[in-house]
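Novice: Could you work out the structure for the sequence below:
(one chain, ligands or ions: 1)
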Amino acid sequence: MPREPSSPDLSVVPAPPAAPVVSGREIDLEAAEQAAGDLLLALGADLDQEGLRDTPRRMAHAYAELLTPKAFEPTTFPNEEGYDELVVATHIEFHSLCMHHLLPFHGVAHVAYLPGERILGLSKLARVVDYFARDIKVQERLTKQDADWLEYHLHPRGVGVVFEAEHLCMSLRGVKKPGTKTITSALHGCLRDDARTRQEFLELVRR
Ligand code: ZN
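Specialist: Next comes the predicted model:
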């Protein structure tokens, strides 16, 4: 369903959105290992203990792995059949690192789009979740980036993204509420404006 322009001034042509990308990151493993050792020492750890001796190196490598997204080709295909129902992938597992405590948050993502002229290879719906999750960020931004990515590469008639996650910074410390789910969503186009399409997506997510 086409949306009405929010501004009556039709001479203003909005700039096309930029392709969302993971911020370019260079990982200095040596410096990370040194810093991890310093952090452990500052926390009172005895690095001469056999089990801890190699921990700074393992920490550096573990974080490097968690923060290295796997690049992939955003392969799209023409929508030759004129498919005009929702394409939905639900319960895509993901993990990420929260920007405020560098503790993991993890859960599932549900991603949907209503095709326009292009469709996407199905595995890409899961890959895009992984791609943006391997980063230091807040869940709100992760949700928005996934939706923007689909918007940019597919120009679909609608996009719906829902993330449900448990944040260890909420479960283990602070308010200490294990099992609490934080839910964020980004809905564009028909999935935002058309009640029936939105309802269909949210029902599939709740299953
Ligand atoms: Zn946090």
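Novice: make it CA atoms for all contacts and neighbour counts henceforth
Specialist: OK.
Novice: quick one: His101 from Glu73, how far?
Specialist: Per Cα to Cα, to the nearest Å, His101 is found 32 Å from Glu73.
Novice: between these two, who's got more neighbours?
Specialist: A count of neighbours by other Cα atoms under 10 Å puts His101 above the other of His101 and Glu73, at 11 against 8.
Novice: Distance check, the residue nearest to Thr197 when sequence neighbours are not counted against Ala147.
Specialist: Of all residues not flanking Thr197 in the chain, Leu191 sits nearest, at 5.6 Å (Cα to Cα, 6 or more residues apart in numbering). Relative to Ala147, Leu191 is positioned 11 Å away (Cα to Cα).
Novice: intersection of neighbour lists for these two?
Specialist: 159-160 (Cα atoms under 8 Å, 6 or more residues apart in numbering).
Novice: Gly121 against Thr75, yeah?
Specialist: Yes: using Cα atoms under 8 Å, Gly121 is in contact with Thr75, at 6.2 Å.
Novice: returning to that earlier point: C-terminal to the helix or strand containing the residue nearest to Thr197, what's the next element?
Specialist: Here Leu191 sits within helix 190-193, counting by DSSP states H and E. Scanning forward in sequence from helix 190-193 by DSSP H and E, the next helix or strand is helix 195-206.
Novice: buried sites along that next one?
Specialist: Going by neighbour count (16 or more other Cα atoms under 10 Å), the buried part of helix 195-206 is 197-198, 201-202, 205.
Novice: on that earlier part again, restrict the helix holding Leu191 to CA atoms and write it as CSV.
Specialist: Provided in CSV are the C-alpha atoms of helix 190-193 (Å, rounded to 0.1, in the frame of the first residue of the first chain):
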residue,chain,number,x,y,z
CYS,A,190,3.3,-2.4,4.3
LEU,A,191,4.4,-4.1,7.5
ARG,A,192,4.0,-0.8,9.3
ASP,A,193,1.0,0.7,7.5
